[in-house]
Structures are given as structure tokens and as C-alpha cells.
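*Asks:* How does the following fold in three dimensions:
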Amino acid sequence: MTPTIITVAETVMLMFSYFEHDWDESLEGAEAMDAELMRRVTEGAWMPYSGDEPDPENIATIEELEGRAREAVDEWDVPDDVVRVPIEKLRAVIDGGGWTFVAGEFSEFEGHHNDTEYVVKLTRQPAT
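*Replies:* This next block holds a predicted model:
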């Protein structure tokens, strides 16, 4: 009898944050805040995340994630790169690691509660 080999997909959750709660409180004016936001976007990276999984019925594609972020960020009157750069970095992670987008979530900065963050769940088949 030949044994049955079962392969289990690998799953990872990642987060990209603008970390608004860590900003220097002395920043004043739209120009200074835009510069800080752009610095965080260009220097930021997708990091491992261990919180709640995003619901695939909420955002099921990277295009939906980008669209949700653009809706929110467009109201801020900031450069397009604020959304474009994190999404490009996510596409590079997906393409470079053979991942598939499963679900995503975008949440805006909220006073004492949370920073502006993207959370995604990715999966891939193990190498054989």
C-alpha cells in the first residue's frame, strides 16, 4: 500500500502601517506631515502580523485592497505614492515568494485606537 501524501498550504499574515502614533509631536503643517508620511511609506516594509485574520468577504483581491485604501487616502489630499508604494511592495512580496492573495483589510488612523494599516493574508503551496 502506497502512503498518501498530504500537502498543506503555507499561510502568512502581513501588516503595513503608517505608524502615526509614533510621529514626532512637534511636526506642524501639512507640508511637514506629508513629508513624514512619505518617509514612512518609502522606508516602511510589510511585517509579520499575528492579530485577527482579515475576512475574505470584506476584501478578496489586492485590487480591492488598493481601491479601499485609495478611497480613504484621497480624502487626505496627499501624493498618490501613499497608496501606490505599499501596494507595489506587497506585489513584490507576492511575486517574489510565489504567494497568492487570500484576504485583506485597510483601517484608517483613529485617535487613541489604531494607526492607518493594511493587513493581508497570503498563501502558497509548499515546494515539492
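*Asks:* rest of the way, CA atoms for contacts and neighbours
*Replies:* OK.
*Asks:* what's the spacing between Gly44 and Val83?
*Replies:* Distance of Gly44 to Val83, given as CA to CA, to the nearest Å: 12 Å.
*Asks:* Check Asp34 too.
*Replies:* Distance, Asp34 to Val83, by CA to CA: 13 Å.
*Asks:* List the beta-bridge partners for Arg124.
*Replies:* Note on Arg124: beta-bridge partners by DSSP bridges are Glu10.
*Asks:* who's in contact with it?
*Replies:* Counting by CA atoms under 8 Å, 6 or more residues apart in numbering, Arg124 touches Ala9, Glu10, Thr11, Gly98, Trp99, Thr100.
*Asks:* And the helices in this protein, which stretches?
*Replies:* Remark: helices assigned in the chain by DSSP state H are 30-43, 62-74, 81-97.
*Asks:* Please identify the buried residues of the first one?
*Replies:* Residues of helix 30-43 classed as buried: Asp34, Glu36, Leu37, Met38, Arg40, Val41 (neighbour count, 16 or more other CA atoms under 10 Å).
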